[in-house]
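*Asks:* need a 3D model of the following:
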Amino acid sequence: MELAALTGDPATTPETAVETVAGAVAAATGVLVDPGLGALRSLVGALGERKTLVCLDNCEHVLDAAADVVAALGRECPEVTVLTTSQEPLGLANETVWRVPPLAGDEAVTLFLERAATVRPGITAANDVVRTLCQRLDGIPLALELAAAWLRTLTPEQVEAGLTDRFGLLVRGPRG
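*Replies:* Have a look, this model is predicted:
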């Protein structure tokens, strides 16, 4: 499930954030939340001994809350495995961190073109700017995905020109 949409109100308490993340996981896994127990307790109770893989995407937006939910699942649901993606680790004792390595030339181009096709069909590797973009982004998968998302509103040439500010274009990305 995509957690980026859960970035909340700055006034949100840590407990509310944990319940919000747990509620999103419960909804994605089909767990009904008992108002008397709350989302986290309902989730833990429902998953209990079930052998389940839970995937949480973009945890960096709710890092502390996601870490608390994952920790609770790890403590209380021995058959649940959690796979998370984040720009930084959750910081849990039993966490295994796998850093995504840069992609080599053709792999980087392939990823870029796959992502580009979702927003602007017709861009091909024959376009020299695509190869230049991938090289300038050092084959970093997240950078490639962010650059491809800009093709919704910019041409490949405009995206490449925007990289003069190295990664500035990528961090300003389109909302959502």
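*Asks:* buried stuff in stretch 57-66?
*Replies:* 58-63, 65-66 (16 or more other CB atoms under 10 Å). Quick note: C-beta positions are derived from backbone N, CA and C, even for glycine.
*Asks:* lowest confidence element among the helices and strands of this structure?
*Replies:* Across the helices and strands of the chain, mean confidence by mean pLDDT, DSSP states H and E is lowest for helix 168-171: a mean of 55.
*Asks:* where does the protein have low pLDDT?
*Replies:* By pLDDT under 70, the weakly predicted segments of the chain are 1-12, 14, 125-127, 165-176.
*Asks:* quick one, helices of it?
*Replies:* Along the chain, counting by DSSP state H, helices occupy 14-29, 39-47, 63-76, 105-119, 128-136, 141-149, 156-162, 168-171.
*Asks:* I'd like those helices written out as TSV, with distance to residue 83 added.
*Replies:* As requested, the helices of the chain are arranged in TSV below (distance: least, CB to CB, whole Å):
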stretch	distance to residue 83
helix 14-29	12
helix 39-47	15
helix 63-76	10
helix 105-119	19
helix 128-136	26
helix 141-149	16
helix 156-162	30
helix 168-171	24
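*Asks:* quick check, central residue of the protein?
*Replies:* The centre of the chain sits closest to residue 58, judged by CA atoms, centre = their mean, with a distance of 2.6 Å.
*Asks:* wait, it sits on residue 86?
*Replies:* Yes. In this structure residue 58 lies within contact range of residue 86 using CB atoms under 8 Å: 7.0 Å.
*Asks:* closest to residue 98 out of the helices of the chain?
*Replies:* Shortest distance between residue 98 and the helices of the chain, using CB to CB, is found for helix 141-149: 12.4 Å.
*Asks:* got the phi/psi numbers for the residue located most distally from the centre of the chain?
*Replies:* Within the chain, residue 36 marks the point farthest from the mean C-alpha position, 30.9 Å out by CA atoms, centre = their mean. Main-chain dihedrals, residue 36, degrees, to the nearest 10: phi -70, psi -30.
*Asks:* how near is it to residue 45?
*Replies:* Separation of residue 36 from residue 45 (CB to CB, to the nearest Å): 11 Å.
*Asks:* swap in residue 73?
*Replies:* Residue 73 sits 11 Å away from residue 45, going by CB to CB.
*Asks:* settle it for me: which of those two has more neighbours?
*Replies:* More crowded of residue 73 and residue 45, by other CB atoms under 10 Å: residue 73, with 21 against 13.
*Asks:* wait, that one sits on residue 83?
*Replies:* No. In this structure residue 73 lies outside contact range of residue 83 using CB under 8 Å: 11.6 Å.
*Asks:* quickly list what's touching both of those two.
*Replies:* Here residue 73 and residue 83 have residue 54 as joint contacts, going by CB atoms under 8 Å, 6 or more residues apart in numbering.
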